[in-house]
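Asks: Next input, structure requested:
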Amino acid sequence: MILTNRTDNPLYSDEDYRRFMESSKEKERVSSRDGFERDHGRIVHSTAFRRLQAKTQVIGIEEGDYHRTRLTHSMEVAQIARGIVIHLNDTSNLLKNMGAEIDNSLVETASLAHDIGHPPFGHKGERALNKKMIEAGAYGFEGNAQTFRILSRLEGSEEGGLKLTRATLFSLLKYPIIFSKAINDEFYNDKENHISPPKANVYDEDASTFRWMLDPYNISEKEYIQKNSSTDKHVKTLNKTLECSIIELADDIAYGSHDIQDGIKLGFITISDLKDTLRDYIDSDSEIKLLSTPLFEEMKEPEKYVLKNFFADLINYLINSVYLVEIDPNHSPRFRFKAKLPKSLRDLLDSLKERLVDEKVIFSQQVQTMEWKGGQMVERMFEAMLDDKKLLPRDTRDKWSKSSRAVNARLVCDYIAGMTDSYALNMCTRLFDTKPSHLFDI
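Replies: Take a look at the predicted model:
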């Protein structure tokens, strides 16, 4: 189904620019910015975005000020995504044949917001919240679903959150499925897996917003965007919008390059580790071989500059290797195309992530013990606050339910998920440490 298109860019329709919970006309400010640019401003000026500066990316924020936080990571993802958009708009015949361009403001906006829902203390914090939500009889917690919830409900107006455009919200749906539909009970019932949430972008409580997003599309398109498959874990979605596919690639590129630089700087990854991973690919890709040459030769410059130049060139090569594929010519434009990397480069990126960032950094004893500690703090706070609502802020207490433990668990979950690492540490000190604390230390 091709919706009524704006004459200046056939990739986007009037429905893409439509906002969830439109503001009344008298409150609309006169602006030369279009809807996507206004969304950009709403994200950048949101409290949730600012809090990313004190949330863990891979290494905890207490370990120094060199490595990435969630904020700097999000900014780098946005920069890489912009590069991909520029490249595709300049080179893709699929776009040129329809006289269209991918909107860079839209992609940058969604890139900046893609990690807003991540809780304190990384993935252990996520699993801790999911575990406590299940124990409270509620559907669990997942960082991507929390992102959608923050933007569509918690930040700004309760009736519509930041009241973003349909296109911006859709660009964030990496996993366009409702939480309960993604759960595999058999996987959950395994004692080792009961705290690992499904990958889902929409809590059941927020399903009405998701249905609003799907309203303009026909049955075939709705089936496409929600298509999923069962795995040995939870149900996994298969499709996403064009812009979301770009952001996913940008996120992976940042993860497989910038986070490796942090790992090397902090001593988790050695140059030899990096060389060993690259050796598997330099024979099959002449460009990778050329980029890697300085690493395998005697370094004439200071090591950090060789590394910096290598990763800058690698990122540029990956960006310029992205291409578009057409999924279905009958779909609305943003469901019609998908951004991809050639298989060899996709494999390289996966190896850099799995063999270096995951194995050497994330699963190291040092990081795992700190994450474990963070998860324990999240669990203790959750239990205390669900048991005594007076530990919560006034505006959260005012929403407390007298009859539904699940509703109250979600209130507690929203509060804790919004904490920065440092705020959570201070809150735990106040609640559980015997040493004196101050009235305004949180």
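Asks: Helix, strand or coil: sort out Ser344 for me.
Replies: helix (DSSP: H, G, I helix; E, B strand; the rest coil).
Asks: distance of it from Glu354?
Replies: Ser344 is 16 Å from Glu354, where distance means CB to CB, to the nearest Å. C-beta coordinates here come from the backbone N, C-alpha and C atoms, glycine included.
Asks: pretty sure Ala339 belongs to a strand, no?
Replies: Yes. Ala339 sits within a strand when classified using three-state DSSP.
Asks: Quick one: neighbours of it, just the number.
Replies: Neighbourhood size, Ala339 [other CB atoms under 10 Å]: 24.
Asks: which stretches of this structure aren't confidently modelled?
Replies: By pLDDT under 70, the low-scoring segments of the chain are 1-7, 22-31, 56-68, 158, 191-194, 298-302, 434, 436-442.
Asks: quick one, strands of it?
Replies: Ranges of strands in the chain, per DSSP state E, are 228-229, 236-237, 323-326, 337-340.
Asks: Mind giving me the packing neighbours of the first one?
Replies: Looking back up the chat, that one is strand 228-229. strand 236-237 (3 or more CB pairs under 8 Å, 6 or more residues apart in numbering; DSSP states H and E).
Asks: In its sheet, which strands sit next to the strand it packs on, and in what direction?
Replies: strand 228-229 (antiparallel) (DSSP bridges).
Asks: what's the spacing between the strand it pairs with and its chain's center?
Replies: Centroid separation between strand 228-229 and its chain, computed with CA atoms, centre = their mean, to the nearest Å, is 20 Å.
Asks: what's the answer for stretch 225-241, then?
Replies: 17 Å.
Asks: again with stretch 403-418
Replies: On CA atoms, centre = their mean, the centre of stretch 403-418 falls 22 Å from the chain's centre.
Asks: what sits against Phe296?
Replies: Counting by CB atoms under 8 Å, 6 or more residues apart in numbering, Phe296 touches Lys275.
Asks: Please tell me how far it sits from Lys275.
Replies: For Phe296, the distance to Lys275 - CB to CB - is 6 Å.
Asks: and what of Gly125?
Replies: 34 Å.
Asks: ditto for Asn408
Replies: Relative to Lys275, and taking CB to CB, Asn408 is found at 53 Å.
Asks: Who has more neighbours out of those two?
Replies: More crowded of Asn408 and Lys275, by other CB under 10 Å: Asn408, with 21 against 13.
Asks: surely the more buried one meets Thr396?
Replies: No. Applying CB atoms under 8 Å as the test, Asn408 and Thr396 come out as separate, 9.6 Å apart.
Asks: Need the residues touching each of the two.
Replies: Common neighbours of Asn408 and Thr396 (CB under 8 Å, 6+ apart) are Lys389.
Asks: So which bits of stretch 82-99 are buried?
Replies: Arg82, Gly83, Ile84, Val85, His87, Leu88, Ser92, Leu94, Leu95, Met98 (16 or more other CB atoms under 10 Å).
Asks: Now do it: distance from first to last residue.
Replies: Length of stretch 82-99, first residue to last, CA to CA, to the nearest Å: 19 Å.
Asks: what distance separates that stretch from the centre of its chain?
Replies: Centre to centre, stretch against its chain (CA atoms, centre = their mean), the figure for stretch 82-99 is 24 Å.
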